[in-house]
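Peer 1: For reference, the sequence and a predicted model appear below.
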Amino acid sequence: MAAGHSVDPARWQPGLDELLGRVAGRFGRVEPRRRARALVGGLLSDLPRKNCWTIAEHAGDPSPDGLQHLLGRAVWDEDKVRDDVRDYLVEHLGDPEAVLVIDETGDLKKGTATVGVQRQYTGTAGRVENAQVAVYLVYASQVGHALIDRELYLPLGWTDDPKRLRVAGVPEQVGFATKPALAAQMIGRALDAGVPAAWVAGDEVYGANPTLRAELEARRVGYVLAVACDHPVRAGGADLRADALLSRIPARAWQQVSCGSGAKGHRYYDWAFIRLDHDPGPSQQHGQHWLVIRRNQRTGELAFYRCWMPRPVPLAVLVRVAGTRWTVEERFQTGKGLCGLDQHQVRRWRSWYRWVTLAMLAHAFLVVAAVTERSCRPPPAGLIPLTCNEIQHLFAALVARPVEDLSHRLRWSAWRRRHQARARTCHYRRHAAQP
C-alpha cells in the first residue's frame with residue numbers, strides 16, 4: 001500500500017464522533033445514546049448480516065435485548081435524528097442547483113405481520129412479490145449524493161384493516177398515501193427546512209402524478225420527471241400521447257449530450273425537446289413546460305420526460321437533471337450493501353423508522369468521509385479516489401473491530417440455541433392448539 005500511504009482510517013473516527021455528537025441530544029438518557037452508537041458501529045462493520053442479534057454480539061452485549069429496546073420502546077426522536085442527518089449532509093454537499101431525487105425501493109419479506117408487507121410490485125425484483133416498499137429522497141449535488149428522508153408505503157390492504165395497523169404500532173393519524181403523496185411530503189419537508197435545491201427528478205410513478213407536478217410548480221422548483229410513452233400531453237391545443245410528438249421532431253433537432261459519467265465513461269444519448277405551453281413565448285411568471293425525449297444511440301430505445309422550469313435553461317441542464325435520477329440507484333445499493341438499510345428484522349412501524357434512520361446516519365458518514373478525502377486528500381497518480389465501499393471496508397477492518405473474546409462467542413452460541421428452542425416449542429404449541 002505504498003502508493004496509498006496517505007490513507008489513514010483512524011482519522012475517520014472523529015468524523016463519526018462529530019455526527020453522533022450532533023444527534024446525542026435527541027436521546028433523553030445515556031443508555032439509548034450508547035446503544036445507538038453501538039448499532040451504528042455494527043452497521044458500519046463487515047458483518048455478513050446486520051440485525052439486532054449479530055450487531056449485539058459484535059458489540060459485546062450479552063443479548064439483543066438492549067438494541068431491540070432502542071428500536072421499539074426507548075424514548076428518542078427518530079424524526080429529529082433524520083433532520084440532523086439531513087442538515088449534516090447539506091453542510092457538506094449543499095448546492096443551490098442541487099437535485100432532489102425521489103424513488104421507491106422494495107425489500108423482499110416473508111409472512112404478513114411485518115408492517116407494510118404484502119404481495120405488491122417492486123422494482124427490486126421486477127415483479128409482484130411479498131415485499132415492503134418505502135419511498136426515499138436523495139440529495140444530489142456536484143459534490144456528492146446521499147439519502148436525506150424516508151417514508152414507508154402502506155398499501156390499502158393495510159390501511160383498510162385497523163386491527164392490523166394497531167398490532168403493527170401504526171399511529172392512528174396515518175392513513176393511505178400514494179407514493180407521489182409521500183414524495184411530496186418529503187420534498188416539502190426539505191424545502192421548508194431551507195435545503196438548497198433547484199430541481200426534482202423521479203421516474204414514471206411521479207411524473208404521471210399531476211398533483212405532485214402542480215405542487216412543485218407552486219413552489220417554483222423545476223422538475224424533470226420521467227413519463228410513459230402513452231402519457232397524455234397537451235400540445236398545440238390537442239391532447240396527444242407523448243410518443244405521438246415524435247413526428248414533429250426534424251432529424252436535425254436531435255442533439256448528442258452526455259447525461260453524466262458512469263463506470264464506463266460518459267453516458268451519451270440523443271436528445272430532443274418540444275415546448276408544450278400554449279403560449280410559445282417566454283413566461284417568467286408561469287414558467288415553461290417541455291417534453292424531453294431521450295434516444296439510445298445503439299438500440300433506438302426511447303424515454304420521455306415531462307419538464308417544467310421557472311426560467312429558461314439550456315437543454316444540457318435538463319439532461320443533467322435527468323441523468324441525476326440514476327444516483328438514487330447507487331444510494332440504494334450502497335445503503336443496503338454497506339449499511340444494512342434493508343437487513344432489519346423488525347415488524348413494527350416505529351422500529352422500522354428508527355432502524356432506517358440510523359442506517360441513513362451510517363451512510364451519511366461514509367458519503368461525507370468520501371467527499372472529504374476526495375477534496376482534501378486527492379489520491380496519488382494511478383489510483384481512483386476513495387469510494388464509500390472502500391472507506392467502509394477499511395473502517396470495518398481497522399477501526400470498528402468486533403469483540404474477539406472466546407467465552408463471549410460461546411455464550412452467544414448458547415443464547416441463540418436456547419432462543420431457537422423456545423421459538424420452536426411455542427410454534428409447535430400454537431399449531432397444536434389450532435382446530
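Peer 2: Great, that's in hand.
Peer 1: C-alpha from now on. contacts and neighbour counts both.
Peer 2: Noted.
Peer 1: which sections of the protein are below the confidence cut-off?
Peer 2: Residue ranges of the chain with pLDDT under 70: 1-6, 262-265, 278-285, 435.
Peer 1: longest strand in it, by residue count?
Peer 2: strand 127-140 (DSSP state E).
Peer 1: Now do the buried residues in it.
Peer 2: Neighbour-count burial for strand 127-140, with 16 or more other CA atoms under 10 Å as criterion, is recorded at 129-140.
Peer 1: can you list the residues that contact the following helix or strand past that strand?
Peer 2: Remark: after strand 127-140, the chain's next helix or strand is strand 145-152, criterion DSSP states H and E. Outside strand 145-152, the residues that touch it by CA atoms under 8 Å, 6 or more residues apart in numbering are 82, 85-86, 89, 93, 116, 133-140, 182, 186, 327, 331, 356, 360, 363-364, 367.
Peer 1: so H344 makes contact with K50?
Peer 2: Yes - look at H344 against K50 with CA atoms under 8 Å: they come within range, at 7.2 Å.
Peer 1: The two - which one has more neighbours?
Peer 2: Comparing H344 with K50 by other CA atoms under 10 Å, the one with more neighbours is K50, at 24 against 17.
Peer 1: can you tell me which residues contact that one?
Peer 2: Going by CA under 8 Å, 6+ apart, K50 touches 42-43, 340, 343-344.
Peer 1: Looking at those residues, spot the one nearest V99.
Peer 2: Among the contacts of K50, G340 lies closest to V99 (CA to CA), at 25.1 Å.
Peer 1: I figured the closest one hits A359, correct?
Peer 2: Yes - applying CA under 8 Å as the test, G340 and A359 come out as touching, 6.6 Å apart.
Peer 1: residues shared between the contacts of these two?
Peer 2: Applying CA under 8 Å, 6+ apart, one finds that G340 and A359 are jointly contacted by L43.
Peer 1: Quick one: neighbours of L182, just the number.
Peer 2: Using other CA under 10 Å, L182 is surrounded by 22 other residues.
Peer 1: Could you give the backbone dihedrals for it?
Peer 2: Note on L182: its backbone torsions stand at phi -60, psi -40 [degrees, to the nearest 10].
Peer 1: so what's it up against?
Peer 2: 135, 151, 153.
Peer 1: from those residues, which is closest to G323?
Peer 2: Checking the contacts of L182 against G323 by CA to CA gives V135 as the nearest, at 19.3 Å.
Peer 1: possible to save the contacts of K50 as TSV with secondary structure?
Peer 2: Putting these into TSV (DSSP: H, G, I helix; E, B strand; the rest coil) gives the following:
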residue	secondary structure
G42	helix
L43	helix
G340	coil
Q343	coil
H344	coil
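Peer 1: Distance to C388 added to those residues, as CSV?
Peer 2: Formatted as CSV, the contacts of K50 follow (distance: CA to CA, whole Å):
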residue, distance to C388
G42, 16
L43, 13
G340, 14
Q343, 19
H344, 21
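Peer 1: ok, so of these, who is nearest S261?
Peer 2: Using CA to CA, those come closest to S261 at G340, 26.9 Å.
Peer 1: Run through the neighbouring helices and strands of the longest strand of the chain.
Peer 2: Strand 127-140 sits against strand 99-108, strand 118-122, strand 145-152, helix 179-192, helix 327-339, with contacts defined as 3 or more CA pairs under 8 Å, 6 or more residues apart in numbering; DSSP states H and E.
Peer 1: between those, which one is nearest to P9?
Peer 2: Nearest to P9 among these is helix 327-339; the distance by CA to CA comes to 16.3 Å.
Peer 1: Name the residues of the closest one that are buried.
Peer 2: 327-328, 331-332, 334-336, 338-339.
Peer 1: Would you map the strands across the stretch 251-400 of the chain?
Peer 2: In the stretch 251-400 of the chain, the strands defined using DSSP state E, counting those that start in this stretch lie at 255-262, 265-275, 288-295, 302-309.
Peer 1: picking up where we left off before, any idea which of the contacts of L182 is closest to S351?
Peer 2: Of those, the one sitting nearest to S351 (CA to CA) turns out to be E151, at 12.9 Å.
Peer 1: Next one: that closest one from A423, what distance?
Peer 2: Noted for E151: a distance of 32 Å to A423, by CA to CA, to the nearest Å.
Peer 1: Neighbour count: these two, which is higher?
Peer 2: Neighbour comparison, E151 and A423: the larger count goes to E151, with 19 against 12 (by other CA under 10 Å).
Peer 1: measure the more buried one to G169 for me?
Peer 2: Separation of E151 from G169 (CA to CA): 15 Å.
Peer 1: now swap in A38 and tell me
Peer 2: 25 Å.
Peer 1: the more surrounded of those two?
Peer 2: Relative neighbour count places A38 above the other of A38 and G169, with 19 against 16, counting by other CA under 10 Å.
Peer 1: neighbours around the closest residue to A396 other than its chain neighbours, how many?
Peer 2: In this structure, A396 finds its nearest non-sequential neighbour in S45, 4.6 Å apart by CA to CA, 6 or more residues apart in numbering. Neighbour count of S45, defined by other CA under 10 Å: 26.
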